[in-house]
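quick one, fold the following:
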Amino acid sequence: MTRWLTEAVPRGRVAAFRTVIYLFVAADLVIFTPWVRTRVSVPGDLYQPLLIGRLLPLPTPTATLVAVIFWSLLALALLAATGRAPRLLGWAVCALYLEWMIIAMSYGKVDHDRFGLLVALAVLPTAGRARHGDATRTEAGGWALRVTQIAVICTYFLAAFAKLRFGGLDWLTGSVLARAIIRRGTDLADLIAQVPYLLIVAQFGIVAFELLSPVVFFLPPRWRHAMVGFFYSFHVVTIATITISFAPHLAAMTSFLPLERVRPLVWARRLIGHGTPAPTSADVDTLPDQDPVGVSADPAPLGDQAPVVGRPAGP
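You can find the predicted model right below:
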């Protein structure tokens, strides 16, 4: 189990994941949760902080406090996305974003799609330095990605548990999706709703897929990527039908992907004709899973960490 939790991954993957997460935090502030800044207009006695906010304790939000958090977090997230000072900037972004979420969720509604993102922010500072395109492997980075993956899957599994705990079997056979379509459905959802019993079948399918989501850890890399692709397609359908976005969860779910293969700056340089440099140990985007000389004599599964069962890959 320890070797599975710390299965080494290319440093380039960690660097790419770090950039994705911190850029998402910056985007989240200005696109998905700018409404948090309006909380200061709500009477202070309506602020009922989450348990962590009561234990610390944290102050009641004011206009000054929220503005300082917003601008500081925006600047630090953009700096952290460059990979500089990963521990200092990482811990600062983690602390500020946690406070941002406590403010957002302390007025009566808690979104479960933030769990994986918060875990990613908490573990990324422990991964150390990583450079885009670096094919050398790191166990610290592998642990950070694995813990994030576990948080992502727990989001699905515990969501199914909550449905059955609070809704019982009536959640499966009731009108949950029908009510969601009435409240915020699209034209596509209206067409789907006209098919007899399709919404009931969909409710059974949602719970089944959430309960079975941990299977992803037991699959070989190719099938694991296919299952993660199914996860993404599920959220595409969710957005297209009932306009519910799980953007933070989707950002955290990139921890399953071989992100070291995505090299937009290298592709841009090649596109504009600046030449194609010979691949080096610091710039290998076509062979991300080839171990550097002297690191390991054992082949690793293509493009991903090893499954939970069987002999783990890496050094």
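
any chance you could map the strands in the chain?
9-10, 137-138 (DSSP state E).

residue 111: which of these is closest?
With CB to CB as the criterion, residue 111 lies closest to strand 9-10 of the strands of the chain, at 28.8 Å. Yep, even glycine has a C-beta here, placed from its N, CA and C like the rest.

tell me the helices and strands packed up against the closest one.
strand 137-138, helix 139-162 (3 or more CB pairs under 8 Å, 6 or more residues apart in numbering; DSSP states H and E).

so how far is residue 116 from the residue positioned nearest the centre of the chain?
The centroid of the chain falls nearest to residue 252 when counting by CA atoms, centre = their mean (0.9 Å). Look at residue 252 and residue 116: by CB to CB, to the nearest Å, they are 3 Å apart.

which neighbours do these two share?
Shared contacts of residue 252 and residue 116, defined by CB atoms under 8 Å, 6 or more residues apart in numbering, comprise 148, 151, 152.

most neighbours per residue, which of the strands of the chain?
strand 9-10 (a mean of 32; mean count of other CB atoms under 10 Å).

could you pull up the mean pLDDT of that one?
The average pLDDT within strand 9-10 is 95.

report the distance from it to the chain centre.
Offset of strand 9-10 from its chain centre (CA atoms, centre = their mean, to the nearest Å): 18 Å.

and what of stretch 220-240?
Here stretch 220-240 is found 13 Å from its chain centre; the criterion is CA atoms, centre = their mean.

may I see the buried residues of that stretch?
By 16 or more other CB atoms under 10 Å, the buried positions in stretch 220-240 come out as 221, 224, 225, 227, 228, 231, 234, 235.

same check on stretch 58-74?
Per 16+ other CB under 10 Å, stretch 58-74 contains these buried residues: 58, 61, 66, 69, 70, 73, 74.

now residue 193: closest residue in space that isn't a chain neighbour?
Nearest non-adjacent residue to residue 193, counting by CB to CB, 6 or more residues apart in numbering: residue 181, 5.3 Å away.

next: residue 30.
Using CB to CB, 6+ apart and skipping the chain neighbours, the partner closest in space to residue 30 is residue 74 (7.4 Å).

before I go, just wanted to say thanks for your time.
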